[in-house]
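Undergrad: Okay, structure incoming, though there's no sequence with it:
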């Protein structure tokens with residue numbers, strides 16, 4: 001995938017969504033012991049243009065850049081694969097891509113947005129090895145109950161807000177996409193293509 005400029009504002013007119021989201025997530029990681037294993041210098045934050053402006057569909061996603069237990073390789077149908085590598089502008093390899101689908105994500109209510117952010121961050125493996133957090137059983141991504149998973153994320157969101165982070169970090173989440181766009185004259189941010197699997201020669 002090569003190098004992508006991931007940090008700092010490009011100086012364009014409008015609202016830099018991914019830069020502002022990175023500032024918020026950095027603060028979440030700093031304040032929450034439950035997220036202390038996350039190194040945001042190895043996490044790319046991106047925005048994705050949702051194809052349909054609808055309340056249904058993907059709101060955010062976490063893409064791991066490694067496979068189970070941090071392996072660089074996986075085997076599917078008897079064939080060995082690796083994943084494309086993503087580097088930031090300083091040459092650091094990214095282990096995860098945290099993506100938000102606009103305008104869909106921004107049009108949720110504030111509490112749903114906060115829960116969604118924690119939901120995706122919680123997928124990051126406690127070993128921070130490029131793999132996801134794996135729960136026991138067949139539903140290893142969300143455990144046996146996604147409802148209970150999201151209830152746990154609501155608790156983490158409330159706990160974070162009780163720590164009284166600066167409102168300037170999360171105020172942008174109080175607007176829907178239309179209001180954010182109108183107030184700033186546009187919304188932009190880092191866009192990263194979905195990484196591809198690459199066959200490995202035997």
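TA: Right, received. Where do you want to start? Just so it is clear, the structure is predicted and the values come from calculations on it, not from any experiment.

Undergrad: mind listing what the one helix or strand residue 99 maps to pairs with, with the direction of each?
TA: Assigned by DSSP states H and E, residue 99 belongs to strand 96-102. Strand pairing for strand 96-102, determined by DSSP bridges: strand 43-49 (parallel), strand 60-64 (antiparallel).

Undergrad: Now do the contacts for the most centrally placed residue in the chain.
TA: Nearest to the geometric centre of the chain sits residue 98, at 2.0 Å (C-alpha atoms, centre = their mean). Residue 98 makes contact with 25, 43-46, 60-62, 120-121, according to C-beta atoms under 8 Å, 6 or more residues apart in numbering. Bear in mind the C-beta positions are built from the backbone N, C-alpha and C, glycine included.

Undergrad: Could you list everything it pairs with in the sheet?
TA: residue 45, residue 62.

Undergrad: Quick check: the gap between it and residue 83.
TA: With distances taken as C-beta to C-beta, to the nearest Å, residue 98 is found 16 Å from residue 83.

Undergrad: Residue 33 now?
TA: 30 Å.

Undergrad: So between those two, which is more surrounded?
TA: Remark: of residue 33 and residue 83, residue 83 carries more neighbours, 19 against 7, as counted by other C-beta atoms under 10 Å.

Undergrad: Could you double-check that the more buried one sits in contact with residue 195?
TA: Yes: taking C-beta atoms under 8 Å as the definition, residue 83 is a contact partner of residue 195 at 5.5 Å.

Undergrad: Need the residues touching each of the two.
TA: Counting by C-beta under 8 Å, 6+ apart, the common neighbours of residue 83 and residue 195 are residue 65.

Undergrad: so after the strand holding residue 99, what's the next helix or strand?
TA: helix 110-122.

Undergrad: and that following helix, which residues are buried?
TA: Buried residues in helix 110-122, counted by 16 or more other C-beta atoms under 10 Å: 112-122.

Undergrad: So for stretch 194-202, mean pLDDT?
TA: Mean per-residue pLDDT for stretch 194-202: 87.

Undergrad: So what touches it?
TA: Contacts of stretch 194-202 (C-beta under 8 Å, 6+ apart): 1, 63, 65, 73-74, 76, 79-84, 86, 97.

Undergrad: Next: stretch 149-158.
TA: For stretch 149-158, contacts defined as C-beta under 8 Å, 6+ apart pick out 32, 34, 111, 114-115, 117-119, 122, 142-143.

Undergrad: quick one: whichever helix in the chain runs longest to helix 110-122, angle?
TA: Longest helix of the chain, by residue count under DSSP state H: helix 146-162. In terms of direction (axes from the mean of the first three to the mean of the last three C-alpha atoms, to 10 degrees), helix 146-162 departs from helix 110-122 by 110 degrees.

Undergrad: how far does helix 146-162 sit from the chain's center?
TA: Its chain's average C-alpha position is 16 Å from that of helix 146-162, according to C-alpha atoms, centre = their mean, to the nearest Å.

Undergrad: what's the neighbour count on residue 74?
TA: 15.
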